[in-house]
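*Asks:* with the input below, show me the fold.
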Amino acid sequence: QVQLVESGGGLVQPGGSLRLSCAASGFTLDYYAIRWFRQAPGKEREGVSCISRSATYYADSVKGRFTISRDNAKNTVYLQMNSLKPEDTAVYYCAARFKGVGSYWCPQGSNEYSYWGQGTQVTVSS
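*Replies:* Got it, this is the predicted structure:
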């Protein structure tokens, strides 16, 4: 059974940091692209970052502040978020899309992803 479980969200002051985790079970990360999305109240879901094999991708709004990584031994993907801003406040989701073993493909659209976690709330406020 494929499952994704996010953790690590919380309340942080502007300029602070959080590290989100996305623990995968039922499949091997090597065969999947993993993308972090976020959705703020009243806004559309947006892609934040993606990892596919060694390739990483970032939205312009988070480039230079967020870092995506993965630990194959733990079958977990991380999103290190630094220099957080109030506009980063959202529910963050990780999602997985099968891509095959040799591909660096990281689809952008949320409808491309088959498996989703339950989400974790990130609130940036003083």
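
*Asks:* gap between the spatially most central residue of the chain and F66?
*Replies:* The geometric centre of the chain, computed from its C-alpha atoms, lies nearest to W36 (Cα atoms, centre = their mean), at 2.3 Å. Look at W36 and F66: by Cβ to Cβ, to the nearest Å, they are 8 Å apart. C-betas here are computed from N, CA, C, even on glycine.

*Asks:* report the contact partners of the closest residue in space to the residue nearest to the centre of the chain that isn't next to it in sequence.
*Replies:* Leaving aside its chain neighbours, W36 sits nearest to V48 (4.4 Å; criterion: Cβ to Cβ, 6 or more residues apart in numbering). When contacts are counted by Cβ atoms under 8 Å, 6 or more residues apart in numbering, V48 touches 35-38, 58-59, 62, 66, 79, 92.

*Asks:* repeat that with 10 Å
*Replies:* 20, 35-38, 57-59, 61-62, 66, 68, 79, 81, 88, 90, 92-94 (Cβ atoms under 10 Å, 6 or more residues apart in numbering).

*Asks:* hang on, it in a strand?
*Replies:* Yes - per DSSP: H, G, I helix; E, B strand; the rest coil, V48 lies within a strand segment.
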